[in-house]
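Here is a sequence with its predicted model. Questions after.
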Amino acid sequence: MLFTPLKPMLLHKSDLPPAGEYIHQLKYDGFRCLLHADAGKVKLFTRHQNDCTTQFPEFAGVNLPSGMILDGEMIALGDDGKPDFEAVMSRFQTRRRNPKQTVHFAAFDVLCAGNQSVLTEPLEKRLERLQGLVKSSELISAVQSHQDGSALFESVKQLGLEGIVSKKKGSRYQLDYRSPNWLKVKNYQYATVAIAGIRKKEFG
């Protein structure tokens, strides 16, 4: 599995946080990324299996355990301290050797540890592994888990954040599969605006 592009597990949508046996995590506004680390080498892949390692040269020196694959979100923080999607995509598209915009990898699951696949392990075991594998730094951290999805989503709405992800306890990691065991609950924000004009192709 190591350094082989993988298609990550995908989510279904939900209007509200689910009740019952779920673990809840913040949903970050960035882009999905798989981080592979082995023998001091790190490679990064998008959810579409594109190698994006060269766009983020700072990760070449990150100290991570060998034989590990992490699933997470690559984010960039704006001036308000919140994830800024436009900023991280600007970094993704840049080819500068010394980019100014700093980024952060928020890891929320682990696929491989110690050169061994952990895909079939229950969610709780994988998250326990994740906390042991990832030591927080400026470049990387492990996403925290919460038991009360409704309270977490209420905090997200108050802070104007992206949303939450709710994962069924005991669920295994299924590559390239949109599972009902993983649900995303987005914090939709609305505004009343006046449209002065609209252009579609060559017509106005």
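Right, received. Where do you want to start?

Mind pulling up the pLDDT for S171?
We note a pLDDT of 98 for S171 in this prediction.

Okay, and the closest residue to it other than its chain neighbours sits in which element?
Of all residues not flanking S171 in the chain, N181 sits nearest, at 3.9 Å (C-beta to C-beta, 6 or more residues apart in numbering). Backbone N, C-alpha and C define where each C-beta goes, glycine included. Following DSSP states H and E, one finds N181 within strand 178-186.

helices or strands up against that strand?
Applying 3 or more C-beta pairs under 8 Å, 6 or more residues apart in numbering; DSSP states H and E, we find strand 178-186 packed against strand 10-13, strand 22-27, strand 163-168.

Identify, out of those, the most deeply packed stretch.
strand 163-168 (a mean of 23; mean count of other C-beta atoms under 10 Å).

just to revisit the earlier point, direction included, what does the strand holding N181 pair against?
strand 10-13 (parallel), strand 163-168 (antiparallel) (DSSP bridges).

Would you reformat the ones you listed as JSON lines and include distance to V118?
Shown next, in JSON lines, are the strands paired with strand 178-186 (distance: least, C-beta to C-beta, whole Å):
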{"stretch": "strand 10-13", "distance to V118": "19"}
{"stretch": "strand 163-168", "distance to V118": "15"}
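
Would you tell me which of those strands gets closest to V88?
strand 163-168 (16.6 Å; C-beta to C-beta).

Taking strand 22-27 as reference, get the angle to that closest one.
Angle, strand 163-168 to strand 22-27, by axes from the mean of the first three to the mean of the last three C-alpha atoms, to 10 degrees: 150 degrees.
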